[in-house]
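S.K.: Got a sequence here, can you build the structure:
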Amino acid sequence: VQLQACGGGLVQAGGSLRLSCAASGRTISYYAMAWFRQAPGKEREFVAAIRLSDYNTYYAPSVKGRFTISRDIPRNTVSLQMNSLKPEDTAVYYCAAAIGTMTKYDDWGQGTLVTVSS
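M.R.: Numbers count the residues shown, from 1 in each chain. Sure thing, here's the model as predicted:
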């Protein structure tokens, strides 16, 4: 299974971007999908997750109220709507998918760069 993330780019502070993640290849039922990010010189951190059985969502405190994770069933994608972006949101964003638990992600996308200018 391949996860393909897209939608990154350059945006001014206060602006918005929408990231999408599509799964292709072998059909598999994921338990959850999530977005992580890694800023230059920092460790990868959790951003948001959605449990696919009931669509419950979870967010890092730093993005709660600004970011929204959702699933687009017809397109079989998971999106991350990012509003009120801040320079500290600058990072490479990775989508990930978990098969059995939300604490371990099994498949990862290649990452898409989000740059927020001040």
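
S.K.: The spatially most central residue of the chain bridge partners, please.
M.R.: The centroid of the chain falls nearest to residue 35 when counting by CA atoms, centre = their mean (2.6 Å). Judged by DSSP bridges, the bridge partners of residue 35 are residue 48, residue 95.

S.K.: ok, now which ones touch the nearest residue to residue 47 once chain neighbours are set aside?
M.R.: Among residues not flanking residue 47 along the chain, residue 35 sits closest, at 4.3 Å (CB to CB, 6 or more residues apart in numbering). Heads up, the C-betas are built off the backbone N, CA and C, glycines and all. Residue 35 makes contact with 19, 21, 47-49, 69, 80, 93-96 under the criterion CB atoms under 8 Å, 6 or more residues apart in numbering.

S.K.: export stretch 102-109 as CSV, just CAs?
M.R.: Extracted C-alpha coordinates of stretch 102-109, given in CSV (Å, rounded to 0.1, in the frame of the first residue of the first chain):
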residue,chain,number,x,y,z
MET,A,102,-3.8,4.4,17.1
THR,A,103,-0.5,4.1,18.9
LYS,A,104,1.4,2.5,16.1
TYR,A,105,1.3,3.6,12.5
ASP,A,106,2.2,1.0,9.9
ASP,A,107,2.2,2.8,6.5
TRP,A,108,3.7,6.3,5.8
GLY,A,109,3.5,8.7,3.0
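
S.K.: which residues of the chain score low on pLDDT?
M.R.: 26-28 (pLDDT under 70).

S.K.: and stretch 71-78, how far apart are its ends?
M.R.: 4 Å (CA to CA, to the nearest Å).
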